[in-house]
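**Student:** how does the following fold in three dimensions:
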Amino acid sequence: MDERRIRVLVAKPGLDGHDRGAKVVARALRDAGMEVIYTGLRQTPELIAEAALDEDVDVVGLSSLSGAHRALFPRVVEELRKRGLDDVVVIGGGIIPAGDVPALLEAGVAAIFGPGSSTSAIAEFVRKAVPTSSGGQ
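**Tutor:** Below you'll find the predicted structure:
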């Protein structure tokens with residue numbers, strides 16, 4: 001079977017200026033053998049979707065500590081879908097109240113990883129969510 005590396009885009013949507021957690025996750029996924037692109041701070045949903053298209057990624061990881069996740073995460077999913085990226089898995093993390101998680105999942109975010117989530121659990125979720133061989137998952 002032909003194995004290929006999973007490509008992940010890590011992004012910070014909105015005006016949130018804190019990216020330590022996003023960088024930790026990006027490094028952990030890279031160390032787990034994935035190709036990781038980090039877009040930096042203060043990205044719009046449109047810029048994130050364009051970067052995902054340009055970079056041909058399998059996964060978009062979003063991080064929010066500002067409380068804007070309920071508006072921004074669904075907008076990123078919408079922008080990805082507008083560009084035909086229906087198969088891109090979207091995951092989120094940051095300071096996200098448990099009560100907000102069901103709405104984010106309903107909006108198309110595949111999983112939410114909050115504070116205390118292990119980077120190995122995130123990598124394992126990504127591996128299971130993305131087929132990497134010609135034989136499927």
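**Student:** for this structure, which segments count as strands?
**Tutor:** Secondary structure of the chain (DSSP state E): strands at 7-11, 35-38, 59-64, 89-94, 111-113.
**Student:** residues in contact with Phe73?
**Tutor:** Contact partners of Phe73, counting by Cβ atoms under 8 Å, 6 or more residues apart in numbering, are 13, 62, 64, 90, 92, 104, 107, 109. Where C-beta positions appear, they are placed from N, C-alpha and C, glycine not excepted.
**Student:** of all the residues you listed, which comes closest to Ser118?
**Tutor:** Gly92 (16.0 Å; Cβ to Cβ).
**Student:** to Val77, which of the strands of the chain lies closest?
**Tutor:** strand 89-94 (5.4 Å).
**Student:** what sits against Val109?
**Tutor:** Counting by Cβ under 8 Å, 6+ apart, Val109 makes contact with 62, 73-74, 77, 90-92.
**Student:** I'd like those as a markdown table, with distance to Leu41 and pLDDT appended.
**Tutor:** Putting these into a markdown table (distance: Cβ to Cβ, whole Å; pLDDT from 0 to 100) gives the following:
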| residue | distance to Leu41 | pLDDT |
| --- | --- | --- |
| Leu62 | 13 | 98 |
| Phe73 | 16 | 98 |
| Pro74 | 20 | 98 |
| Val77 | 20 | 98 |
| Val90 | 19 | 98 |
| Ile91 | 19 | 98 |
| Gly92 | 16 | 98 |
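**Student:** burial of the spatially closest residue to Ser63 that is not a sequence neighbour, as a residue count?
**Tutor:** Excluding its sequence neighbours, the residue lying closest to Ser63 (Cβ to Cβ, 6 or more residues apart in numbering) is Ala22, at 4.0 Å. A count of nearby residues for Ala22, using other Cβ atoms under 10 Å, gives 24.
**Student:** could I get the contacting residues of Ala22?
**Tutor:** Counting by Cβ under 8 Å, 6+ apart, Ala22 makes contact with 10-12, 38, 61, 63, 93.
**Student:** noted, bye for now.
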